[in-house]
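# Sequence and computational prediction follow.
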Amino acid sequence: MKMRYLLLLITGLSLFLGGCYDEDKAVPSGDYSPVRFEFPQGSESWDKLFEQMYDDFGICVIYKDFTPGDLNKNWTISAGGDWTGHPVPDDHMPKYEDLLKNYLVPFLGKKEIVEACSPLYLYLAEDLGGSYASYGDNVGVNLNGLDFWAIGLLDTIKFIFDIPGIEDFRHGLVHSVYNKIVENSVVKNLITEPVGFQAGIDYKTEIEKENPEDPNYYMNRGFVGYITCMTSMCCMFNWSDYWYGNIEQIVTAKGGDFMMFTRAAMRWTKEEFEEKFPPEKYPLVNARYKMVVEQFKNYGFDLPGFAKKVKELPTPF
């Protein structure tokens, strides 16, 4: 345990001295200490999982012994000093263990990529809230912490696991973490578009959004369209929300066209993708989709596998 604490200290110091994991941020606020917890925090089955997650991905999952001060260590340009939340009761932990073990961990990639695209700490904090919170029904998410992200279920007074529907919103928690890691890998150019991805693609002529018979119809041109940010709660919960966009939006978006296909691969299963973009009708779209999927597999990420697995969690829509 002392050796693991020492490793956390070294990791925390390196993140702090190196500017933490997000080079776009600048000035920290709040009482900052690189290491604030003894880890692991117990000897239950979920503690063993969290140890493995730290070893494999450099993510330290914390579910107790944190304070409101820990939840309010932010970068000043996105800080909200009113974050609240409380530790997860032991009788709730099996659901979180199942969520991370079966719906997140199997689809993450190489440690060096995940570690560079996520903070040191992942807090599990129930009744998580604040002025910068992203909300879905019964879940809260903070992806703006200085050295942490926080996810958790809300309204835990009513959170009784044997009541149908209450846990149906857990997919929003796992989406927020997985999507953010994957999108960060593109934004940071750690995973770049595959060779040949732009071959035969016209990024200047405007696309047609509605008429499939038009040669400039976006699918005929090899585009999936403009898919909005997958780390937004509204996008995670409303799978049908889809904006076709235009050439300028696609080209100027962070990660560009490659990001659009990346989001598509996380959003739809292979079967759903082919139903929306039939291969025989839109071969270029499907060829590019396969390139992106294979590129991420080269780094250990299974995007369609994630999209398929997470749909096993019931959703309200």
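On my side now, so go ahead. Numbering: from 1, shown residues only.
# And G196, how close does it get to N184?
24 Å (C-beta to C-beta, to the nearest Å). Using the backbone N, CA and C atoms, a C-beta is placed for each residue, glycine as well.
# Looking at the two, which is more packed in?
The residue with more neighbours, out of G196 and N184, is N184; 21 against 10, by other C-beta atoms under 10 Å.
# which residues of the stretch 51-200 of the chain score low on pLDDT?
75-81, 130-139, 154-170 (pLDDT under 70).
# Now do the strands in it.
For the stretch 51-200 of the chain, applying DSSP state E, counting those that start in this stretch gives strands covering 60-62, 74-75, 84-86, 121-124, 126-129, 134-136, 139-142, 148-153.
# got JSON lines for the ones you listed, with mean neighbour count and distance to W268 too?
JSON lines is the format used below for the strands of the stretch 51-200 of the chain (neighbours: other C-beta atoms under 10 Å; distance: least, C-beta to C-beta, whole Å):
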{"stretch": "strand 60-62", "mean neighbour count": "23", "distance to W268": "28"}
{"stretch": "strand 74-75", "mean neighbour count": "20", "distance to W268": "33"}
{"stretch": "strand 84-86", "mean neighbour count": "18", "distance to W268": "32"}
{"stretch": "strand 121-124", "mean neighbour count": "24", "distance to W268": "26"}
{"stretch": "strand 126-129", "mean neighbour count": "19", "distance to W268": "28"}
{"stretch": "strand 134-136", "mean neighbour count": "19", "distance to W268": "19"}
{"stretch": "strand 139-142", "mean neighbour count": "26", "distance to W268": "22"}
{"stretch": "strand 148-153", "mean neighbour count": "24", "distance to W268": "23"}
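# export the ones you listed to CSV and tack on distance to D202?
Listed next are the strands of the stretch 51-200 of the chain as CSV, based on distance: least, C-beta to C-beta, whole Å:
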stretch, distance to D202
strand 60-62, 46
strand 74-75, 39
strand 84-86, 48
strand 121-124, 42
strand 126-129, 45
strand 134-136, 36
strand 139-142, 38
strand 148-153, 38
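# Which one of those strands lies nearest to K95?
strand 148-153 (8.3 Å; C-beta to C-beta).
# Now do the closest one: which elements does it pack against?
strand 121-124, strand 126-129, strand 139-142, helix 171-187 (3 or more C-beta pairs under 8 Å, 6 or more residues apart in numbering; DSSP states H and E).
# mind redoing it with 10 Å?
Here strand 148-153 touches strand 60-62, strand 84-86, helix 93-103, strand 121-124, strand 126-129, strand 139-142, helix 171-187, going by 3 or more C-beta pairs under 10 Å, 6 or more residues apart in numbering; DSSP states H and E.
# can you tell which of the ones you listed is closest to K110?
That would be helix 171-187 among those, by C-beta to C-beta, at 9.9 Å.
# now the angle from the closest one to helix 93-103?
40 degrees (axes from the mean of the first three to the mean of the last three C-alpha atoms, to 10 degrees).
# Strand 148-153 and helix 171-187, what's the angle between them?
160 degrees.
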